[in-house]
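1. Give me coordinates for this.
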Amino acid sequence: MPPAVVLVTGVSRWLGGALAAELAADPGIDRVIGVDTVPPAPEVLRRLGRTEFVRADIRSPLIGKVIESASVDTVVHMNISATPAGAGGRASMKELNVIGTMQLLAACQRSSAVRRLVLKSTSAVYGASSRDPAVFTEAMQARRVPAGGFAKDSLDIEGYVRSFARRRPDVGVAVLRTTNLIGPRIDSLLSGFLRMPVVPTALGYDARVQLLHEDDAVAVLHRATTGDFVGTVNVGASGTVLLSQAIRRLGRVAVPVPEPAMGSVGRLTRRAGLVDWSPEQMRFLNFGRVVDTRVLREEFGYTPRYSTAEALTDYARTLPPVVRPEVVDDAVATARSVVDRVALGVSAVRAIVGDRHRPAPPVPGLRAVRDA
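-> Numbers count the residues shown, from 1 in each chain. Alright, predicted model coming up:
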């Protein structure tokens, strides 16, 4: 049975607003309530349609009154900040993410009307390290547990949601671990990083990157909200690209930096207001992360429309290149050709030198003459 009253947190951001708009366009849903601490931008507000916006902080008891008075039966939690700058500092970020989630879950537990909870989580809970498997399944845990930041908050949030599910077994809980989002309209951490004209990368590393197009993200959230899937599911597109390939296809310029200096580079980009990357996210740029999506396709019932490469191409349409990709490809091909020719020359020289120093073959019969 489709939900009657849906509450969506974080509607002032693009993804939350896009989901609320999709739900509001669904005639099978009676009411859609959007909650955020700040009002949406005018263009977002126009797109929300019949969504009822309520300016409320999920960290306050007011969220419980909203849920109770509106008889909300489905809650979609998306008000989770990925950067300290967006939340007013690391302390405020942790308070919004962790304390806000605890207050929201407490309100859901008190309400007898709530029967479904959807959490938009992240694949960052798997961490990033040199010991990672080729792909992470939903049953796996981080080989190196995130020490702080967005990934650590997400781990804590998932723990609270699991505890809530044990206390309220009558509520269907779906946890969506999305890979890095990208697209022409959404402003994500990775898209902000790849938008820089000069992109710093760790010297000697080339991370595997798995993406998720913004349209697929909205479609999965809509299906999770209106469907009956219960459990945890990895949400990502098919295929991967190397970080160096992504930078080249977007026409950016990669600047390899010694790995110990990446922290300093991150602080500089943060101060310049370019991109706000935590140490855990820096580790992702070194090692990457890929998740298994079998559950998404076979049990959840959704196959992303865009592959990782196609999602990157769609994002590239809105990003004027600093250097045209074909120019970079030609330069790389020329460099490889030069390296191959040099390697061939070195091999020839070694062969000649080796022939000169090789002992002369024995003359037949000479040993017999010497013995005589």
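
2. pLDDT at residue 354, what is it?
-> For residue 354, the pLDDT comes out at 65.

3. That should have said residue 214, apologies.
-> So residue 214 comes in at 97 (pLDDT).

4. ok, so what distance separates it from residue 121?
-> Residue 214 sits 17 Å away from residue 121, going by Cβ to Cβ, to the nearest Å. All C-beta atoms are positioned from the backbone trio N, CA, C, and that covers glycine.

5. just the helices in the stretch 251-372 of the chain please.
-> Under the criterion DSSP state H, counting those that start in this stretch, the stretch 251-372 of the chain carries helices at the ranges 262-271, 279-287, 294-295, 308-316, 325-357, 366-371.

6. Check the ones you listed for me: which has the lowest mean pLDDT.
-> Least confident of the helices of the stretch 251-372 of the chain, judged by mean pLDDT, is helix 366-371 with a mean of 48.

7. Can you tell me which helix or strand of the protein has the lowest average pLDDT?
-> The helix or strand of the chain with the poorest confidence is helix 366-371; it has a mean of 48 (mean pLDDT, DSSP states H and E).

8. so residue 216 touches residue 305, yeah?
-> Yes - between residue 216 and residue 305 there is a contact at 5.9 Å, judged by Cβ atoms under 8 Å.

9. what does stretch 291-306 contact?
-> 123, 126, 135-138, 177, 179, 210, 212-213, 215-216, 219-220, 223-224, 227, 229, 231, 233-238, 314 (Cβ atoms under 8 Å, 6 or more residues apart in numbering).

10. what do you get if the cut-off is 6 Å, keeping everything else the same?
-> With Cβ atoms under 6 Å, 6 or more residues apart in numbering as the test, stretch 291-306 has contacts from 123, 135-138, 213, 216, 220, 223, 229, 233-237.

11. From the opening residue of that stretch to its closing one, how far?
-> Terminal residues of stretch 291-306 lie 16 Å apart, using Cα to Cα, to the nearest Å.

12. Could I get the buried residue list for that stretch?
-> Within stretch 291-306, the residues scored as buried using 16 or more other Cβ atoms under 10 Å are 291-293, 295-296, 300, 302, 304, 306.

13. Widest-spaced pair of those?
-> Spatial extent of the buried residues of stretch 291-306 (Cβ to Cβ) is set by the pair 295 and 306 at 18.8 Å.

14. what helix or strand does residue 68 sit in?
-> helix 62-69 (DSSP states H and E).

15. so where's this structure uncertain?
-> 84-88, 273-274, 276, 323-333, 335-336, 338-339, 342-343, 346, 349, 353-372 (pLDDT under 70).

16. Does residue 115 touch residue 73 like I think?
-> Yes - counting by Cβ atoms under 6 Å, residue 115 does reach residue 73; the two are 5.2 Å apart.

17. Pick out whichever of those two has more residues nearby.
-> A direct count of neighbours by other Cβ atoms under 10 Å for residue 115 and residue 73 places residue 73 higher, at 21 against 18.

18. Now do the contacts for that one.
-> Contacts of residue 73 by Cβ under 6 Å, 6+ apart are 3-5, 113, 115.

19. Any chance of a markdown table for those, columns secondary structure and distance to residue 52?
-> Below are these laid out as a markdown table (DSSP: H, G, I helix; E, B strand; the rest coil; distance: Cβ to Cβ, whole Å):
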| residue | secondary structure | distance to residue 52 |
| --- | --- | --- |
| 3 | coil | 15 |
| 4 | coil | 14 |
| 5 | strand | 10 |
| 113 | coil | 16 |
| 115 | coil | 20 |
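
20. Pick out the one among the residues you listed with the largest number of neighbours.
-> residue 3 (23 neighbours).

21. my guess is that one meets residue 74, correct?
-> Yes - counting by Cβ under 6 Å, residue 3 touches residue 74, with 3.8 Å between them.

22. what distance separates stretch 294-303 from the centre of its chain?
-> The chain centre lies 19 Å from the centre of stretch 294-303; the measure is Cα atoms, centre = their mean, to the nearest Å.
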